[in-house]
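Student: would you be able to build a 3D model of this:
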Amino acid sequence: MRSLLLIAAQILILIAIGGWLRRHGQAEPSVSVEASLEGTSQQPVSKGHPRLWWDETRLRQAKAWYAKNRPKAQRDDVRDMAFRFLMGADPHGCEQSIKWLMDFTISSDELSHVASDQARWHGEDAILVYDWCYEEMTQGQRLTVLQRWNGYLAELMSKGWGGPGMPQSNYFWGYLRNELEWGITTSGDNPLAAQFLNDAMVTRWRNSFLPQSARAGRGGVPQEGSQYGGYLLSYPSVPFVSRSLQGQDLYNESDFFKASVLYLIYSTTPARTTLHGTNSQYYEIFPFNDDERFKNGGSALGPYYADFMTVAANYWAKVPIGRYARGWLNMTGATPSAYIKSVDSESPSTSFASLPLDYYAPGPRYFYGRSAWTPEATTFHLQLGDLKGVGHTHLDYGNWQIWRSGRWLSRESTGYSDTIVGYGRRGTASTTDTIAHNAVLVNGAGIGVGERNGSPIVTRLESRPEYSFAAVDLSPAYRNNVCCPGHPERDNAAIKHLEREYVFIRRLETMVIFDRILATDAGGISADNAVKTFLAHFEQEPTIEDANHVTAANGPQTLRLTTLVPARARYQVVQEGGVGQYRLEVNDSGSAQSYFLHVLQARDKTKANLTASVDENKNSYTVTLGDPMHGPVTLIFNKGATSSGGSITMDRREMPLNAHVQDITVTDEGPVWK
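Tutor: Residues are numbered from 1 along each chain as shown. Okay, the predicted model is just below:
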């Protein structure tokens, strides 16, 4: 009788899906119930349930953990209710979860939109309830859910937003997760299981994400941002571990996720950070791109990052990369979901002190560094490139951020699309615009909008024990006059060439930024009269000391900004409103080719100021830095529109600045600079 019901269910599903496919102009599936999954690296699937996340060994481990720890029940969490049922802790857990599953539907209106948040937010809940509570469901309930979710996934599989062209999107990963999990748990019952597995493992994983992760995604930065990036890292946890139980090692088919462990380590503040406007302290992540929750604090502590790092610590427990993940969990105290914690081996950790002081992600060209591996160290983030395979991006190329000893000394004005006061206190701007970041404006305008002429080009980069160095040509990103010449408002026509150089001297905890800006006539303004603007943002109102110095205190920490070039800067402080920061605008004009040369010293509020001076000749600037604790440090920057040459001298040893981009690779042992 059961087999007859199963055959009838499969026929009804094929009829229903076939009708949907005909209505949408797609070919009907020609997949049999026992369809071969060749080409998807499919391993034999267990005939019983649950199949997702669990096998017999893991269930025994989880039950022992649960009996010992008795985590607090999450009464409004259907996944947690199903988990507690499996643990033998709540005999009604599946009853409640199944009721939710039968009541939960995605409306046709939502399915017709560009993407489905309901499928991304709750798809895994629905699929895990189906799998974990399978034996508690009636045949009719299973058939209803099977038909319903086959239709949802088939509809969403055809969406462009979150489709194969957006491999860094949270929708891409929500759909891949849903398809892979649904294919695994319904295999043998579902004539479309192979189709969903194929879309997840071939169309999305093999043909889209793997190539992207090896190029534009290289370095492991989840490019949707400090908030949305957590979804990319967390969504694969259940399906990838489930796949590994079947014999396919997805986490090791790419270096991306190992690199993501390093990204989180380098981008997380080394100590708790005071939340702006409060006395609360949390571990934070250097913010970038869309982040509407950063203002609430604890950006490093959400369950998405904790879930990923717990999985990573267990998956790579026998090699250093896994032990570094464990170190991050121990440092931050981030708490994973109970079902993930229940199979945590609590493997040993390794000190970060064995890691290099710098990390570079060559895909988005993000550069992270620090003065030391100590809680009070100065750390920085340079956004030298653009993001690929993402939906939303900010105009933030060239942005820099600095943190020290529990305080943000300078960071971007983080948001999703919040409104702030515009350039020169006129009008308004968005936190997506260049003005919300520590970047450069010309005539009040920033990076080109839309289809820019090109991406930023990192031309030189170096990591040494004494210093970090990078140079980036931002010129192509400021212009948009090739693709769309009919839209002059999208182009920054006043810029002919723009490059930035950054040197971070570790023992001085000081960043030196050298900007080369070549303007051209545009909008009725001559190149000589073009106004160039250096931007810096602060959580507290900075103090203008004189024509060359600004002090920005934040609690017991201070960033002291010295403008060496031009000789007499024009400072303006703007209270941005919105996300609540202050913006320093350093303005200059008077020649087509001009330069900004700034020294940014991070220090305790009670420590002495660094001395900084500059000597100029027709070919170069020579910067001399000193403090009472160390001998002088000398930097030479050659003039001209393009970064070339230059050197740094300390302890009477001259070191030429690297002429090319130093490469970095990710291994089981961690990052290796070549």
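Student: what about residue 392, how many neighbours?
Tutor: 14 (other C-beta atoms under 10 Å). Every C-beta, even on glycine, is put in place using the N, C-alpha and C of the backbone.
Student: so where is the chain shaky, pLDDT-wise?
Tutor: Applying pLDDT under 70 to the chain flags residues 1-46.
Student: ok, now with 80
Tutor: Residue ranges of the chain with pLDDT under 80: 1-47, 75, 484-486.
Student: can you list the domains in it?
Tutor: As assigned by automatic domain parsing, the chain contains the domains 1-214, 357-374+382-393+413-431+441-673.
Student: and those domains: which comes nearest residue 322?
Tutor: Shortest distance between residue 322 and these, using C-beta to C-beta, is found for domain 357-374+382-393+413-431+441-673: 8.5 Å.
Student: now the terminal residues of the closest one, how far apart.
Tutor: 11 Å (C-alpha to C-alpha, to the nearest Å).
Student: repeat that for stretch 454-467.
Tutor: 29 Å.
Student: what's the answer for stretch 370-380, then?
Tutor: End-to-end distance of stretch 370-380: 6 Å, with C-alpha to C-alpha as the criterion.
Student: next one: stretch 609-621
Tutor: Start and end residues of stretch 609-621 are separated by 21 Å (C-alpha to C-alpha).
Student: outside of that stretch, which residues touch it?
Tutor: Stretch 609-621 is contacted from outside by 508, 510, 514, 560, 562, 564-565, 595, 597, 599, 601, 603, 622-627, 636-639, 646, using C-beta atoms under 8 Å, 6 or more residues apart in numbering.
Student: can you confirm residue 94 is in a helix?
Tutor: Yes - secondary structure of residue 94 (DSSP: H, G, I helix; E, B strand; the rest coil): part of a helix.
Student: filter the contacts of stretch 609-621 down to the buried ones.
Tutor: Neighbour-count burial (16 or more other C-beta atoms under 10 Å) is assigned, among the contacts of stretch 609-621, to 508, 510, 514, 560, 562, 564-565, 595, 597, 599, 601, 603, 623, 625, 627, 636-638, 646.
Student: which stretch of helix or strand covers the nearest residue to residue 185 once chain neighbours are set aside?
Tutor: Leaving aside its chain neighbours, residue 185 sits nearest to residue 131 (4.1 Å; criterion: C-beta to C-beta, 6 or more residues apart in numbering). When elements are assigned from DSSP states H and E, residue 131 belongs to helix 117-132.
Student: try residue 150
Tutor: helix 139-157.
Student: now stretch 635-655 - C-alpha only, CSV.
Tutor: The C-alpha trace of stretch 635-655 is given here as CSV (Å, rounded to 0.1, in the frame of the first residue of the first chain):
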residue,chain,number,x,y,z
LEU,A,635,60.1,58.1,3.8
ILE,A,636,60.7,59.2,0.2
PHE,A,637,57.8,59.6,-2.2
ASN,A,638,58.6,60.5,-5.8
LYS,A,639,56.4,63.1,-7.5
GLY,A,640,54.4,62.5,-10.7
ALA,A,641,51.0,61.2,-11.5
THR,A,642,52.0,57.6,-11.1
SER,A,643,53.4,55.7,-8.1
SER,A,644,57.1,54.7,-8.6
GLY,A,645,60.2,54.3,-6.6
GLY,A,646,60.4,55.6,-3.1
SER,A,647,61.9,54.1,0.1
ILE,A,648,61.7,53.9,3.8
THR,A,649,64.7,54.2,6.1
MET,A,650,64.8,53.1,9.8
ASP,A,651,67.6,52.1,12.0
ARG,A,652,70.0,53.5,9.3
ARG,A,653,68.7,50.8,6.9
GLU,A,654,67.1,52.0,3.6
MET,A,655,64.5,49.7,2.1
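Student: which residues in the stretch 401-550 of the chain form helices?
Tutor: Using DSSP state H, counting those that start in this stretch, the helices of the stretch 401-550 of the chain run over residues 475-478.
Student: give me the nearest residue to residue 383, chain neighbours excluded.
Tutor: Distances taken as C-beta to C-beta, 6+ apart place residue 399 nearest to residue 383, at 4.2 Å, with adjacent residues excluded.
Student: quick one: the one you found and residue 440, what's the gap?
Tutor: Counting by C-beta to C-beta, to the nearest Å, the gap from residue 399 to residue 440 is 10 Å.
Student: report how many residues lie close to residue 356.
Tutor: Per other C-beta under 10 Å, the neighbour tally for residue 356 reads 18.
Student: ok, for residue 259, nearest residue in space, not its chain neighbours?
Tutor: Counting by C-beta to C-beta, 6+ apart, the residue nearest residue 259 is residue 220, at 2.7 Å.
Student: and residue 310, by the same measure?
Tutor: Residue 310's closest residue in space is residue 336 (C-beta to C-beta, 6+ apart), at 4.2 Å.
Student: and that neighbour, that one's in a helix?
Tutor: No - using three-state DSSP, the assignment for residue 336 is coil, not a helix.
Student: returning to that earlier point: gap between the helix holding residue 150 and the chain center?
Tutor: Relative to its parent chain, helix 139-157 has a centroid offset of 33 Å by C-alpha atoms, centre = their mean, to the nearest Å.
Student: show me where the stretch 201-350 of the chain has helices.
Tutor: Counting by DSSP H, counting those that start in this stretch, the helices of the stretch 201-350 of the chain are 210-214, 229-234, 237-246, 256-267, 303-315, 320-332, 338-341.
Student: between those helices, which one is closest to residue 50.
Tutor: helix 237-246 (9.4 Å).
Student: next, the angle from that closest one to helix 117-132.
Tutor: Orientation of helix 237-246 against helix 117-132 (axes from the mean of the first three to the mean of the last three C-alpha atoms, to 10 degrees) gives an angle of 40 degrees.
Student: how about residues contacting helix 237-246?
Tutor: 42-45, 51-53, 55, 124, 128, 176-177, 180-181, 184, 200, 250-251, 307-308, 311, 315, 340.
Student: the closest residue in space to residue 385 that isn't next to it in sequence and residue 475: what is the separation?
Tutor: Leaving aside its sequence neighbours, residue 385 sits nearest to residue 365 (C-beta to C-beta, 6+ apart; 2.9 Å). Separation of residue 365 from residue 475 (C-beta to C-beta) stands at 15 Å.
Student: okay then, goodbye and thanks.
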